[in-house]
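>>> based on what follows, work out the 3D shape:
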Amino acid sequence: MTDQATLKQSPLHSYHEDYDAQIVEYAGWEMPIKYATSIKDEHVHTRESGSLFDVSHMGRLSLKGKDAARLLEHICSRKIGSMAEGQCRYSLICNQQGGVLDDVIANRLGENEFLVVVNASNRTKIVNHIESVISNRGFAVKLEDRTEKTAMIAMQGPKVMELLGKVSSEISELKRYRFFVKNMMIMKIMIARTGYTGEDGVEVILPASAVGMAIKMMMKELKTPENEEIIRPCGLGARDTLRLEAGMPLYGHELGEDICALSCGVDFVIALDKSVEEQGEMFIGQEALISIRDAGGPETKLVGLEIDSKRTARQGMSILADGEAVGTISSGCMSPTLGKSIAMGFVPSSMNSLGTKFSIDSGRTQLDATVVELPFYKR
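Numbering: from 1, shown residues only. This next block holds a predicted model:
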């Protein structure tokens, strides 16, 4: 546990207090787990209307220089050189063994300039990793950690894009996994059509010094004439249940340094066909992952599980087949949208077929579970 005196506060801390947030320690930051209502209410409001999340704790790393693309090509599992300016790509950063150091979003600002968004808990590790690669390879790249100079918010939900479109046609015309940078008054704002809830919406990066004023103006602007709050504040609790319904992995649960990247259900972001001839760089961990693939694939695979119980599965619980432990739960919750207990977990690759039956050891009892298709929820 981080010492309370050393916890960082988001630039939106006073905003959280205004909305009666319940503040908890998360990855070295004081962050809202929920506000005055409940995690379930915030989850449902996101699915039905829209929510605003403070994600300022996530790392924002600026990379500039003639070798910026080569550097990211070398550390990211996704192809980077083919990205257009204004494009975002979700990717993994792996270790030499093919485990996952972090999952990130790379944003191409220019030919030689990128912004990489990383998880809060991995920020220092990824900064050190990048600095080590720059030093070892002699790459001409300047790394700047802009996390504490900026703020980051996410607006997610079915009514968000329509509402924002009334404020700016530029936002409504933005394609998925694209972004633009806009100069407004004295500040520069980056708006990307990305998210982590399974809903449509945007993520916004702006100066930390201006976010408080900007949020007040935005929340006032986004109310209906009847004073209805279409977009409400939402905490990290609902953010977790939303991403689980959407089948999205979370570092420390479905992703980790000792978890093979090919086990995590995100094969679409792992370009094992990267070559020196085409891209100039293979990525760290690529050779290990090719060897695993050629040997028959990873030993385990991530699956979605629907549980025939009102009880929920928790991370670390054993997944049983014929009474024997064969796998482990990585995440679980009672789905507010589906009204069912759902979970994700790792099972042997030979046992990951849809419809496969398992039991989950919850301690006092065993819960019946069935492998189902991911994601659990689709817009």
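
>>> what bits of the stretch 51-200 of the chain have low per-residue confidence?
The model of the stretch 51-200 of the chain has pLDDT under 70 over residues 185.

>>> at 90 instead, please
165-169, 183-188 (pLDDT under 90).

>>> where do the strands of it begin and end?
51-54, 59-64, 88-94, 100-110, 113-118, 142-145, 150-156, 179-184, 187-192 (DSSP state E, counting those that start in this stretch).

>>> a markdown table please, covering these and showing distance to residue 339 and mean neighbour count.
In this view, the C-beta of every residue, glycine as well, is placed from N, C-alpha and C. Compiled in a markdown table, the strands of the stretch 51-200 of the chain are given as follows (distance: least, C-beta to C-beta, whole Å; neighbours: other C-beta atoms under 10 Å):
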| stretch | distance to residue 339 | mean neighbour count |
| --- | --- | --- |
| strand 51-54 | 20 | 27 |
| strand 59-64 | 36 | 20 |
| strand 88-94 | 29 | 22 |
| strand 100-110 | 29 | 22 |
| strand 113-118 | 33 | 22 |
| strand 142-145 | 42 | 14 |
| strand 150-156 | 21 | 24 |
| strand 179-184 | 35 | 14 |
| strand 187-192 | 32 | 18 |
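
>>> right, and those strands - which one's nearest residue 296?
Evaluated with C-beta to C-beta, these place strand 88-94 nearest to residue 296, the distance being 19.5 Å.

>>> any idea how far that closest one is from the chain center?
Computed by C-alpha atoms, centre = their mean, to the nearest Å, the separation of strand 88-94 from the middle of its chain amounts to 10 Å.

>>> same question for stretch 155-175.
21 Å.

>>> output it in PDB, but only the C-alpha positions, please.
C-alpha atoms of stretch 155-175 as PDB (Å, rounded to 0.1, in the frame of the first residue of the first chain):
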ATOM      1  CA  MET A 155     -16.800  10.200 -22.100                       C
ATOM      2  CA  GLN A 156     -18.600   7.000 -22.900                       C
ATOM      3  CA  GLY A 157     -22.100   6.000 -23.700                       C
ATOM      4  CA  PRO A 158     -24.700   5.700 -26.500                       C
ATOM      5  CA  LYS A 159     -25.800   9.300 -26.300                       C
ATOM      6  CA  VAL A 160     -22.300  10.800 -26.000                       C
ATOM      7  CA  MET A 161     -21.400  11.200 -29.700                       C
ATOM      8  CA  GLU A 162     -24.700  12.700 -30.600                       C
ATOM      9  CA  LEU A 163     -24.500  15.200 -27.700                       C
ATOM     10  CA  LEU A 164     -20.900  16.100 -28.500                       C
ATOM     11  CA  GLY A 165     -21.800  16.500 -32.200                       C
ATOM     12  CA  LYS A 166     -24.000  19.400 -31.200                       C
ATOM     13  CA  VAL A 167     -21.000  21.100 -29.700                       C
ATOM     14  CA  SER A 168     -18.500  20.200 -32.500                       C
ATOM     15  CA  SER A 169     -19.100  18.600 -35.900                       C
ATOM     16  CA  GLU A 170     -15.400  17.800 -35.900                       C
ATOM     17  CA  ILE A 171     -16.000  15.400 -33.000                       C
ATOM     18  CA  SER A 172     -19.100  13.700 -34.500                       C
ATOM     19  CA  GLU A 173     -17.200  13.100 -37.800                       C
ATOM     20  CA  LEU A 174     -14.300  11.500 -36.100                       C
ATOM     21  CA  LYS A 175     -13.700   7.800 -37.000                       C
END
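
>>> got the contact list for the spatially closest residue to residue 256 that is not a sequence neighbour?
Once flanking residues are discounted, residue 256 sits nearest to residue 100: 6.1 Å by C-beta to C-beta, 6 or more residues apart in numbering. The contact partners of residue 100, by C-beta atoms under 8 Å, 6 or more residues apart in numbering, come to 92-94, 251, 255-257, 259, 261, 264.
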